[in-house]
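1. I'll drop the sequence and a predicted model, then ask my questions.
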Amino acid sequence: MALGVVALVILLVAFGVVYPRIISRSEAPANTNTAATAPPETTPVTTTTASASTATTPLPKPVRRAADTTSLRLINTIGGDISPKSVVSSGTGYITAQNMMYNHTVTVYDAKSMRLIKTIRDSVTLAKFGYKGHPGSSQGAPVEAAFSPDATYAYVTNYSMYGAGFGPEGSDTCTPESGYDRSFTYRIKTGSWKIDQVYEVGSVPKVVQATADGKYVLVSNWCSWDLSVISTAKGRVVRTIPIGAYPRGIAISPKSNAAYVAVMGGSSLVRVDLTSWKIRSISIGQGPRAIVFDPSYRYIYATLNAEGMVAKLDLRTGNVDQVSTGQAPRSLTVSSDGKAIYVVNYESASISKVRTRDMKVLQTIDACEHPIGIAYDAPTARVWAACYGGALLVFNDK
């Protein structure tokens, strides 16, 4: 019997008939018949089988809806020992809240899980950084923050400093002649969340922003009415630019060649050339407080605190469009696609979402008493709002 089978095989080979090859385990194609559910808003997986291999098309990233077609939906309220004056996103997974002199902390959160990662105390020993005249430990009052372009560092301004050698706390009503002490901006290392550098700036510093090339960090000083230019290479202020009464918001061009500073005590933005250091004024409306570029960098959006309006400035034409969102609009932020801005209305206890194309208010929702800070986190398409009374509100917008 066995001899007959062997003879048959020999005969088939002799006549050119291909006998099926036995495939070993190591050569066999992977099982592609596993059950899986495609995530929402993705294209189904396509498989193509070729002789002894299977090719799989990678899953595309979920398609995100345009920001002017979505609605804000509250998903979390974060409490704790906080009094956030501002909130900022690193764009790399971190959110920080600056808790002023009421808590003397910066709190750090995971942008995805929304869990508290770290509470950073604002106490520093200035002598360790080469600053004399303030023995022992000094405290700050974290007011605003910004991340470096690569999110390696967070820069935090302190409204005032407290400790040996410091005078009275700063004030919201002041002039350069008021005599308030100069304050400090801290540099915090992302990951370790340690204060690893400090910079002496002007009186009652407010907003801080880093240039896209990482060369400078700019700080608007409320009471000394000027702009501090910190060289990151030299680790100190290298220029002080006079701005005008109560400078606050800062927006920097993507080429790092110009900065725009909101003059809240007037009706203009001051453009600072970061090469020649020349300045010029651009009219925008009464009491500009917070400003932000849109992703194309053609437009600047500004809250006009004195008018209760939000403005859209076209940098090419100089045209300004305005819309009313609520009483005392304070901070604002823009979606990653530039199709919507989000505004906190301090006295109206609300948040407004505005379509940028025609400056139409799409949504206004109740928030909390005195919402004051707001940030858009691009990776999660979430909006974080700071409530001065002691909470952070987190909204989905996708």
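-> Here it is on my side, so go on. Numbers count the residues shown, from 1 in each chain.

2. Now the residue nearest to the spatial centre of the chain: phi and psi?
-> By CA atoms, centre = their mean, the chain has its centre lying nearest to residue 89, at 3.2 Å. The phi/psi pair for residue 89 (degrees, to the nearest 10) reads phi -100, psi 140.

3. separation between it and residue 126?
-> Residue 89 is 29 Å from residue 126, where distance means CB to CB, to the nearest Å. C-beta coordinates here come from the backbone N, C-alpha and C atoms, glycine included.

4. and if you look at residue 376?
-> Going from residue 376 to residue 126 by CB to CB gives 35 Å.

5. Then residue 170?
-> For residue 170, the distance to residue 126 equals 17 Å [CB to CB].

6. By mean pLDDT, point me to the weakest helix or strand of this structure.
-> None of the helices or strands of the chain scores lower by mean pLDDT, DSSP states H and E than strand 47-50, at a mean of 34.

7. and stretch 346-355, how far out from the chain's middle?
-> Distance, stretch centre to chain centre, for stretch 346-355: 19 Å (CA atoms, centre = their mean, to the nearest Å).

8. Now that stretch: buried residues?
-> 346, 348-355 (16 or more other CB atoms under 10 Å).

9. Quick one: mean pLDDT for it?
-> Throughout stretch 346-355, pLDDT has a mean value of 97.

10. Let's see that stretch as PDB, backbone CA atoms only.
-> C-alpha atoms of stretch 346-355 as PDB (Å, rounded to 0.1, in the frame of the first residue of the first chain):
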ATOM      1  CA  TYR A 346     -16.500  87.700  34.400                       C
ATOM      2  CA  GLU A 347     -19.600  89.600  35.600                       C
ATOM      3  CA  SER A 348     -22.100  87.600  33.500                       C
ATOM      4  CA  ALA A 349     -20.800  84.300  35.100                       C
ATOM      5  CA  SER A 350     -20.900  82.800  31.600                       C
ATOM      6  CA  ILE A 351     -18.800  81.400  28.800                       C
ATOM      7  CA  SER A 352     -19.400  82.300  25.100                       C
ATOM      8  CA  LYS A 353     -18.400  80.500  22.000                       C
ATOM      9  CA  VAL A 354     -18.000  82.700  18.900                       C
ATOM     10  CA  ARG A 355     -17.700  81.700  15.300                       C
END
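
11. what kind of secondary structure is the closest residue to residue 127 other than its chain neighbours in?
-> Nearest non-adjacent residue to residue 127, counting by CB to CB, 6 or more residues apart in numbering: residue 135, 6.7 Å away. The three-state assignment at residue 135 reads coil, by DSSP: H, G, I helix; E, B strand; the rest coil.

12. so what's residue 135 up against?
-> Taking CB atoms under 8 Å, 6 or more residues apart in numbering, we find residue 135 in contact with 127, 164-165.

13. just residue 290 next, same as before
-> Counting by CB under 8 Å, 6+ apart, residue 290 touches 207, 248-249, 262, 302-303, 330-332.

14. so how far is residue 380 from it?
-> Applying CB to CB to residue 290 and residue 380 gives a distance of 22 Å.

15. quick one on the thing from earlier: for the residue nearest to the centre of the chain, report the pLDDT, please.
-> At residue 89, the model reports a pLDDT of 98.

16. ditto for residue 196
-> For residue 196, pLDDT reads 98.

17. Could you measure from it over to residue 112?
-> 26 Å.

18. now do residue 195
-> Relative to residue 112, and taking CB to CB, residue 195 is found at 25 Å.

19. Please apply the same query to residue 123.
-> From residue 123 across to residue 112, the span is 30 Å (CB to CB).

20. so what's residue 377 up against?
-> Going by CB under 8 Å, 6+ apart, residue 377 touches 89, 91, 95, 111, 383-384.

21. So in that sheet, which strands flank whichever strand or helix holds residue 87, and in what orientation?
-> Using DSSP states H and E, the element containing residue 87 is strand 86-89. Taking DSSP bridges as the criterion, strand 86-89 forms sheet pairs with strand 94-98 (antiparallel).

22. what does the helix or strand immediately after the partner strand in the chain contact?
-> Sequence-wise, the next helix or strand downstream of strand 94-98 (DSSP H and E) is helix 100-103. Contacts to helix 100-103, defined as CB under 8 Å, 6+ apart, come from residues 81-83, 85, 139, 141-143, 159-160, 162, 169.

23. Dump the residues you listed into CSV; add pLDDT and secondary structure as well.
-> Output for those, formatted as CSV (pLDDT from 0 to 100; DSSP: H, G, I helix; E, B strand; the rest coil):
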residue, pLDDT, secondary structure
81, 96, coil
82, 98, coil
83, 97, coil
85, 97, coil
139, 98, strand
141, 98, coil
142, 98, strand
143, 98, strand
159, 98, coil
160, 97, coil
162, 97, strand
169, 94, coil
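
24. which residues touch the residue found closest to residue 136 once you drop the neighbours it is linked to in the chain?
-> Of all residues not flanking residue 136 in the chain, residue 164 sits nearest, at 5.5 Å (CB to CB, 6+ apart). Contacts for residue 164 (CB under 8 Å, 6+ apart) come out as 134-136, 138.
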